[in-house]
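**Q** Okay, here's the prediction I keep looking at, along with the sequence it came from:
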2 protein chains.
Amino acid sequence: MTDRIWTAALVVIGDEILSGRTHDKNIAQVAEWLQVQGIRLAEVRVVPDEEDRIVEAVNTLRERNDYLFTTGGIGPTHDDITVDAVAAALGVGVVIHPEARATLERYYTDKPGGLTEDRLRMARVPEGAELIPNRMSGAPGIRIGAIYLMAGVPHITAGMLDALTGTLEGGAPLQSETMGCWTAESEVAGLLRKVVKRNSECQIGSYPFFREGKVGANFVIRSTDASALAACAKDLREALTDAGYSPVSGGI
Amino acid sequence: MTDRIWTAALVVIGDEILSGRTHDKNIAQVAEWLQVQGIRLAEVRVVPDEEDRIVEAVNTLRERNDYLFTTGGIGPTHDDITVDAVAAALGVGVVIHPEARATLERYYTDKPGGLTEDRLRMARVPEGAELIPNRMSGAPGIRIGAIYLMAGVPHITAGMLDALTGTLEGGAPLQSETMGCWTAESEVAGLLRKVVKRNSECQIGSYPFFREGKVGANFVIRSTDASALAACAKDLREALTDAGYSPVSGGI
């Protein structure tokens, strides 16, 4: 275990997210998966299906982070330009990956039309790339260096993440503890500020809600250090109790 | 009506989105609302609760777009730093807005504790800002120039968007028509490419799915020109029908 913090960024590629037609589910699932790997998601950008916008996001974010993930645009149609954009960002060519070609040949062997030129597009990768297995369909994900190109369809990306589990080096996973209270967060803002100050190894997020006709807030304490986390949770629980509240462990 | 394209960017501020704890709902609702205003959402960035990261995103995106929206971080607690970050990005100070103060005074007049210092934090705005009404709670949204600071809680942001409806200048709204087919998108990729080529005023997105044990795809045609949209939809319907498919209007 090390104190080094590993970070990743995510580029979500797709006009359908920016138009509001499709509600993105990949940000949350990639974020949750990274947490378990001990990697912090540092930034997300959602960009349209335009090569120069993808290139800019990929080049900016890969320089700042240990890992870069993309979702979307790796299918066979004209609006799937992720492979070309990432190859352009890296200054490499696009090639047909022999293993991906073989997989597609097997997948389409008993299907009408066989492996057409359009289907073969799904075997195109930036030069030097490896494949990420995809059990759901014939089109694999793609890894080139520390860049991981995943599907746009969430359950296909889920399968690709599953295949990658445990293969990325990370640090101590960020652990969290949640505590809820039936109070307006403005009631306890001063109290929270003092607890934050006393517990420098933890962050505390405050998330208000309105439910059952009442206002409440959940407080999420995060730390890579389990004992600091426990001490901070104890501190917050006591401070809330002393102020006359009844904090609920696990959140409301 | 004008041919000028109006664009907006969105900065989603919040560690809770990057940790995967909270599933963002603001991207989709801001995107949908902008569509109706005739404004295109050009980019989204999700950044942590860190001032320099917020400043960077705000300054980059406001220069590139007609409008900039932020969600999150305008509440009363220590992790609510959006007002300070946006003021820093613009190089202006932070002041107590007299109208926001009066609203908070009314809101808290019959509540225990009254208007405390922590609650008064919700009246802080970048110098020169106006308020965006919020019917749900005492904390207003904030407009400064073409920058709109909205809540993180989706139903509060919904109310703020509602209050802004019709107040932003936009262009012709992007219209769309959806058509679905029970086919793997790789089957029709060549056909689609030809239809795209013949209809340069339209974009076509292809969105594959797997449902009821079968693969299918929905095609979304988008254009600001209603007659070009209708012509493209007719062209695509005929091309799919000629190829032996039964396109379903409105999508599957």
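**A** Looks like it arrived, so ask away.
**Q** can we go C-alpha only for contacts and neighbour counts from here?
**A** Will do.
**Q** How about the secondary structure of the closest residue to A:Leu131 other than its chain neighbours?
**A** Nearest residue to A:Leu131, sequence neighbours excluded (C-alpha to C-alpha, 6 or more residues apart in numbering or on different chains): A:Ile142, at 4.6 Å. Secondary structure state of A:Ile142, per DSSP: H, G, I helix; E, B strand; the rest coil, is strand.
**Q** Would you mark the buried spots in the strand or helix carrying A:Val58?
**A** For A:Val58, the element it lies in under DSSP states H and E is helix A:51-64. Of all the residues in helix A:51-64, those buried under the rule 16 or more other C-alpha atoms under 10 Å in any protein chain shown are A:Glu51, A:Arg53, A:Ile54, A:Val55, A:Ala57, A:Val58, A:Leu61, A:Arg62.
**Q** wait, the fourth one sits on A:Thr82?
**A** No: using C-alpha atoms under 8 Å as the test, A:Val55 is too far from A:Thr82 to be in contact (9.2 Å).
**Q** State the pLDDT value of A:Cys232.
**A** For A:Cys232, the pLDDT comes out at 97.
**Q** Is the closest residue to A:Leu41 other than its chain neighbours in a helix, a strand, or coil?
**A** In space, and not counting its chain neighbours, A:Leu41 is closest to A:Ala8: 4.9 Å by C-alpha to C-alpha, 6+ apart. Three-state assignment for A:Ala8 (three-state DSSP): strand.
**Q** any idea which element the most centrally placed residue in chain A lies in?
**A** Nearest to the geometric centre of chain A sits A:Val30, at 2.6 Å (C-alpha atoms, centre = their mean). If you go by DSSP H and E, A:Val30 is part of helix A:26-37.
**Q** Say whether chain B is contacted by that helix.
**A** Yes: for helix A:26-37 and chain B, the contact criterion (C-alpha under 8 Å from any C-alpha of the partner chain) is met by A:Ile27, A:Ala28, A:Gln29, A:Val30, A:Ala31, A:Glu32, A:Gln35.
**Q** Might you calculate how far that helix sits from the centre of the chain?
**A** In this view, helix A:26-37 has its centroid 4 Å away from the chain centroid, taken as C-alpha atoms, centre = their mean, to the nearest Å.
**Q** coming back round to it: filtering the buried residues of helix A:51-64 by proximity to chain B, which remain?
**A** Applying C-alpha under 8 Å from any C-alpha to the buried residues of helix A:51-64, none is adjacent to chain B.
**Q** ok, those residues vs chain B, which is closest?
**A** Nearest to chain B, judged by C-alpha to the nearest C-alpha, of the buried residues of helix A:51-64 is A:Arg53 at 9.1 Å.
**Q** can you give me how far the lengthiest helix in chain A is from the chain middle?
**A** Counting residues, the longest helix in chain A under DSSP state H turns out to be helix A:226-242. Taking C-alpha atoms, centre = their mean, one finds the center of helix A:226-242 at 29 Å from the center of the full chain.
**Q** And the following helix or strand past that helix, what does it pack against?
**A** Next helix or strand after helix A:226-242 toward the C-terminus (DSSP H and E): strand A:248-249. When contacts are defined as 3 or more C-alpha pairs under 8 Å, 6 or more residues apart in numbering or on different chains; DSSP states H and E, strand A:248-249 packs onto strand A:175-181.
**Q** Which neighbours in the sheet does the strand it packs on have, and how are they oriented?
**A** strand A:214-223 (antiparallel), strand A:248-249 (antiparallel) (DSSP bridges).
**Q** residues near the residue nearest to A:Leu41, how many?
**A** A:Ala8 has 23 neighbours, counted by other C-alpha atoms under 10 Å in any protein chain shown.
**Q** isn't it right up against A:Ala42?
**A** Yes: using C-alpha under 8 Å, A:Ala8 is in contact with A:Ala42, at 5.9 Å.
**Q** okay, and for the stretch 1-150 of chain A, where does confidence drop off?
**A** Of all residues in the stretch 1-150 of chain A, those with pLDDT under 70 make up the ranges A:1-3, A:137-138.
**Q** Just give the number of residues close to A:Glu117.
**A** Residues near A:Glu117, counting by other C-alpha under 10 Å: 12.
**Q** do the same with A:Ala230
**A** Neighbours around A:Ala230, by other C-alpha under 10 Å: 16.
**Q** quick one: contacts for the nearest residue to A:Ala172 once chain neighbours are set aside?
**A** Excluding the flanking residues, the one nearest A:Ala172 by C-alpha to C-alpha, 6+ apart is A:Gly38, at 5.2 Å. For A:Gly38, the contact set (C-alpha atoms under 8 Å, 6 or more residues apart in numbering or on different chains) comprises A:Trp6, A:Gly170, A:Gly171, A:Ala172, A:Pro173, A:Leu174.
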